[in-house]
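Engineer: what follows is a predicted protein model with its sequence.
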Amino acid sequence: MVLSRHRLGLALAAACAGMTTLGGYHWWQLSQFNAALEQENLVAAARHASDHGHFAEAYRLEQQGEFQTALEQYGTLLSSESGSVATQARYNMATLTLREGMRLWELGDAELAIPLVELAKTGFRELLQNTPEHWDARYNLEVALRLLPDAVAEPELEEVNPERSPRATLTMEAQTELP
(Lines give C-alpha, C1' and ligand atoms only; values in the text may rest on other atoms or scores of the structure.)
Protein backbone atom coordinates (compact mmCIF):
# COMPACT_ATOMS: atom_id res chain seq x y z
CA MET A 1 0.00 0.00 0.00
CA VAL A 2 2.80 2.40 0.91
CA LEU A 3 4.66 1.52 -2.24
CA SER A 4 1.68 2.26 -4.50
CA ARG A 5 1.17 5.66 -2.82
CA HIS A 6 4.81 6.39 -3.42
CA ARG A 7 4.50 5.47 -7.11
CA LEU A 8 1.34 7.55 -7.42
CA GLY A 9 3.14 10.53 -5.88
CA LEU A 10 6.07 10.10 -8.26
CA ALA A 11 3.76 9.84 -11.26
CA LEU A 12 1.90 12.97 -10.17
CA ALA A 13 5.17 14.86 -9.65
CA ALA A 14 6.41 13.76 -13.09
CA ALA A 15 3.15 14.88 -14.71
CA CYS A 16 3.37 18.27 -13.00
CA ALA A 17 6.99 18.68 -14.07
CA GLY A 18 6.06 17.80 -17.65
CA MET A 19 3.18 20.27 -17.70
CA THR A 20 5.39 23.00 -16.24
CA THR A 21 8.06 22.33 -18.86
CA LEU A 22 5.49 22.39 -21.67
CA GLY A 23 3.96 25.61 -20.34
CA GLY A 24 7.41 27.19 -20.11
CA TYR A 25 8.17 26.17 -23.70
CA HIS A 26 4.92 27.72 -24.96
CA TRP A 27 5.65 30.88 -22.99
CA TRP A 28 9.14 31.05 -24.55
CA GLN A 29 7.69 30.56 -28.07
CA LEU A 30 5.18 33.36 -27.53
CA SER A 31 7.84 35.70 -26.19
CA GLN A 32 9.98 35.01 -29.29
CA PHE A 33 6.96 35.61 -31.53
CA ASN A 34 6.11 38.88 -29.76
CA ALA A 35 9.71 40.06 -29.94
CA ALA A 36 9.76 39.39 -33.69
CA LEU A 37 6.52 41.34 -34.13
CA GLU A 38 7.84 44.27 -32.10
CA GLN A 39 10.85 44.40 -34.41
CA GLU A 40 8.49 44.09 -37.40
CA ASN A 41 10.39 40.99 -38.44
CA LEU A 42 7.52 39.08 -40.07
CA VAL A 43 9.84 36.40 -41.43
CA ALA A 44 10.99 35.47 -37.91
CA ALA A 45 7.43 35.67 -36.59
CA ALA A 46 6.22 33.35 -39.33
CA ARG A 47 8.67 30.64 -38.26
CA HIS A 48 6.50 29.82 -35.28
CA ALA A 49 4.23 26.87 -36.01
CA SER A 50 1.33 28.42 -34.15
CA ASP A 51 -1.72 30.00 -35.76
CA HIS A 52 -0.20 33.37 -34.97
CA GLY A 53 2.92 32.41 -36.93
CA HIS A 54 0.80 31.36 -39.91
CA PHE A 55 -1.09 34.63 -39.64
CA ALA A 56 2.19 36.57 -39.66
CA GLU A 57 3.26 34.65 -42.76
CA ALA A 58 -0.02 35.45 -44.52
CA TYR A 59 0.35 39.11 -43.63
CA ARG A 60 3.95 39.13 -44.90
CA LEU A 61 2.79 37.61 -48.20
CA GLU A 62 0.04 40.23 -48.42
CA GLN A 63 2.56 43.02 -47.87
CA GLN A 64 4.74 41.62 -50.65
CA GLY A 65 1.80 41.69 -53.05
CA GLU A 66 1.40 37.91 -53.33
CA PHE A 67 -2.40 38.01 -53.49
CA GLN A 68 -3.23 34.36 -54.19
CA THR A 69 -0.67 32.89 -51.77
CA ALA A 70 -1.74 35.23 -48.98
CA LEU A 71 -5.39 34.27 -49.50
CA GLU A 72 -4.48 30.58 -49.31
CA GLN A 73 -2.50 31.14 -46.11
CA TYR A 74 -5.36 33.10 -44.51
CA GLY A 75 -7.75 30.35 -45.62
CA THR A 76 -5.85 27.78 -43.57
CA LEU A 77 -6.63 29.83 -40.47
CA LEU A 78 -10.41 29.90 -40.88
CA SER A 79 -10.73 26.71 -38.85
CA SER A 80 -8.32 27.91 -36.18
CA GLU A 81 -9.04 26.92 -32.59
CA SER A 82 -8.40 30.52 -31.66
CA GLY A 83 -11.60 32.32 -32.58
CA SER A 84 -9.89 35.68 -32.73
CA VAL A 85 -7.30 34.42 -35.25
CA ALA A 86 -10.04 32.92 -37.43
CA THR A 87 -12.08 36.14 -37.27
CA GLN A 88 -9.09 38.30 -38.16
CA ALA A 89 -8.11 35.91 -40.98
CA ARG A 90 -11.65 36.13 -42.44
CA TYR A 91 -11.52 39.93 -42.21
CA ASN A 92 -8.09 40.11 -43.85
CA MET A 93 -9.20 37.75 -46.64
CA ALA A 94 -12.24 39.92 -47.44
CA THR A 95 -10.20 43.13 -47.20
CA LEU A 96 -7.44 41.76 -49.41
CA THR A 97 -10.03 40.63 -51.96
CA LEU A 98 -11.68 44.06 -51.89
CA ARG A 99 -8.34 45.82 -52.37
CA GLU A 100 -7.48 43.63 -55.34
CA GLY A 101 -10.95 44.22 -56.82
CA MET A 102 -10.58 47.99 -56.39
CA ARG A 103 -7.12 47.89 -57.96
CA LEU A 104 -8.46 46.02 -60.99
CA TRP A 105 -11.48 48.37 -61.14
CA GLU A 106 -9.15 51.38 -61.32
CA LEU A 107 -7.22 49.67 -64.11
CA GLY A 108 -10.48 49.34 -66.02
CA ASP A 109 -10.73 45.56 -65.75
CA ALA A 110 -14.32 45.31 -64.51
CA GLU A 111 -14.63 41.73 -65.75
CA LEU A 112 -12.16 40.58 -63.06
CA ALA A 113 -12.96 43.27 -60.50
CA ILE A 114 -16.70 42.61 -60.14
CA PRO A 115 -16.38 38.99 -58.94
CA LEU A 116 -13.68 39.99 -56.45
CA VAL A 117 -15.79 42.82 -55.00
CA GLU A 118 -18.79 40.47 -54.77
CA LEU A 119 -16.62 37.89 -53.02
CA ALA A 120 -15.39 40.55 -50.59
CA LYS A 121 -18.99 41.61 -49.83
CA THR A 122 -19.86 37.98 -49.10
CA GLY A 123 -16.84 37.66 -46.81
CA PHE A 124 -17.72 40.79 -44.85
CA ARG A 125 -21.34 39.66 -44.50
CA GLU A 126 -20.30 36.24 -43.20
CA LEU A 127 -17.98 37.90 -40.71
CA LEU A 128 -20.68 40.29 -39.55
CA GLN A 129 -23.13 37.43 -39.01
CA ASN A 130 -20.78 35.97 -36.41
CA THR A 131 -19.36 39.22 -35.01
CA PRO A 132 -21.78 42.09 -35.68
CA GLU A 133 -19.65 44.48 -33.61
CA HIS A 134 -16.73 44.29 -36.07
CA TRP A 135 -16.80 47.94 -37.20
CA ASP A 136 -13.93 47.66 -39.65
CA ALA A 137 -15.83 44.95 -41.53
CA ARG A 138 -18.95 47.16 -41.55
CA TYR A 139 -16.98 50.06 -42.98
CA ASN A 140 -15.32 47.93 -45.67
CA LEU A 141 -18.67 46.41 -46.60
CA GLU A 142 -20.02 49.95 -47.11
CA VAL A 143 -17.00 50.78 -49.31
CA ALA A 144 -17.67 47.66 -51.40
CA LEU A 145 -21.37 48.51 -51.65
CA ARG A 146 -20.58 52.05 -52.83
CA LEU A 147 -18.29 50.63 -55.48
CA LEU A 148 -20.71 47.92 -56.56
CA PRO A 149 -24.25 48.20 -55.11
CA ASP A 150 -26.32 45.07 -54.73
CA ALA A 151 -28.77 44.44 -57.51
CA VAL A 152 -32.23 45.55 -56.39
CA ALA A 153 -35.20 43.68 -57.75
CA GLU A 154 -37.38 45.99 -59.79
CA PRO A 155 -40.94 46.26 -58.54
CA GLU A 156 -43.46 44.56 -60.77
CA LEU A 157 -45.44 47.00 -62.84
CA GLU A 158 -49.19 46.78 -62.68
CA GLU A 159 -50.55 45.26 -65.80
CA VAL A 160 -52.92 47.38 -67.87
CA ASN A 161 -55.30 44.51 -68.61
CA PRO A 162 -54.64 41.88 -65.95
CA GLU A 163 -57.53 39.74 -67.18
CA ARG A 164 -55.67 39.23 -70.49
CA SER A 165 -52.30 38.35 -68.99
CA PRO A 166 -50.90 34.85 -69.58
CA ARG A 167 -51.35 34.06 -65.88
CA ALA A 168 -55.00 35.06 -65.96
CA THR A 169 -55.81 32.90 -68.98
CA LEU A 170 -54.35 29.87 -67.24
CA THR A 171 -56.44 30.38 -64.11
CA MET A 172 -59.74 31.29 -65.78
CA GLU A 173 -62.49 28.81 -66.03
CA ALA A 174 -63.31 27.87 -69.56
CA GLN A 175 -66.68 29.23 -70.74
CA THR A 176 -68.81 26.81 -72.65
CA GLU A 177 -71.71 29.15 -73.46
CA LEU A 178 -71.65 32.45 -75.17
CA PRO A 179 -73.02 35.30 -73.08
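Structural biologist: Sure thing, it's come through.
Engineer: run a quick neighbour tally on residue 130.
Structural biologist: With neighbours defined by other Cβ atoms under 10 Å, the count for residue 130 comes to 11. Using the backbone N, CA and C atoms, a C-beta is placed for each residue, glycine as well.
Engineer: secondary structure class for the residue lying closest to it once chain neighbours are set aside?
Structural biologist: Spatial nearest neighbour of residue 130, excluding adjacent residues (Cβ to Cβ, 6 or more residues apart in numbering): residue 87 at 7.2 Å. Using DSSP: H, G, I helix; E, B strand; the rest coil, the three-state assignment for residue 87 comes out as helix.
Engineer: was I right about residue 87 contacting residue 132?
Structural biologist: No - with contact defined as Cβ atoms under 8 Å, residue 87 does not count as touching residue 132 (11.9 Å).
Engineer: so which of these two has more stuff around it?
Structural biologist: Using other Cβ under 10 Å, the more surrounded residue of residue 87 and residue 132 is residue 87, with 18 against 10.
Engineer: residues contacting that one?
Structural biologist: Contacts for residue 87 (Cβ atoms under 8 Å, 6 or more residues apart in numbering) come out as 127, 130, 131, 134.
Engineer: give me the pLDDT value at it.
Structural biologist: Looking at residue 87, its pLDDT reads 90.
Engineer: same question for residue 136.
Structural biologist: At residue 136, the model reports a pLDDT of 95.
Engineer: gap between it and residue 65?
Structural biologist: Note on residue 136: its distance to residue 65, by Cβ to Cβ, to the nearest Å, is 21 Å.
Engineer: neighbour count winner among the two?
Structural biologist: Set side by side, residue 136 and residue 65 show more neighbours around residue 136, with 12 against 9, by other Cβ under 10 Å.
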